[in-house]
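>>> This is a predicted model, with the sequence first.
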Amino acid sequence: MSVTVRYFAGARAAAGVGTEARDAGSLDELVGQIVADHGEKLERVLAACSFLVDGTQTRDRAARLSPGQVVDVLPPFAGG
């Protein structure tokens, strides 16, 4: 079983997909995989993104991931 990655707003545009499944043991490994597959444009967007792992915000790239978890990739949102 894998981790589900959901992209929002600018991250979705940069990745070219809304959702995908990945096999990664940590947030750092996941980021490496998605940058390798989706390229430099996504890498630039990720620099400003926050991540939710099963609804809990983290910026800790060493955070462990378990199969079945959902990782939301959230760029900064404008407005209020």
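Structure's in. What do you need? Numbers count the residues shown, from 1 in each chain.
>>> Sticking with the residue nearest in space to the middle of the chain, tell me its helix or strand.
By C-alpha atoms, centre = their mean, the mean C-alpha position of the chain lies nearest to residue 73, the distance being 3.9 Å. Here residue 73 sits within strand 70-74, counting by DSSP states H and E.
>>> buried sites along that strand?
By 16 or more other C-beta atoms under 10 Å, the buried positions in strand 70-74 come out as 71, 72, 73, 74. All C-beta atoms are positioned from the backbone trio N, CA, C, and that covers glycine.
>>> Equivalent analysis for stretch 34-51, please.
Quick answer for stretch 34-51 (16+ other C-beta under 10 Å): 34, 35, 38, 42, 45, 46, 49, 51.
>>> what about this protein, any weak spots by pLDDT?
Where the chain drops to pLDDT under 70, the residues are 1, 78-80.
>>> quick one: the longest helix along it to strand 70-74, angle?
Using DSSP state H to define each element, the chain has its longest helix at helix 27-38. In terms of direction (axes from the mean of the first three to the mean of the last three C-alpha atoms, to 10 degrees), helix 27-38 departs from strand 70-74 by 70 degrees.
>>> could you dump the buried residues of strand 70-74 to JSON lines with distance to residue 30?
Listed next are those as JSON lines, based on distance: C-beta to C-beta, whole Å:
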{"residue": "71", "distance to residue 30": "6"}
{"residue": "72", "distance to residue 30": "12"}
{"residue": "73", "distance to residue 30": "9"}
{"residue": "74", "distance to residue 30": "14"}
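>>> what's the helix or strand for residue 66?
Using DSSP H and E, no helix or strand contains residue 66.
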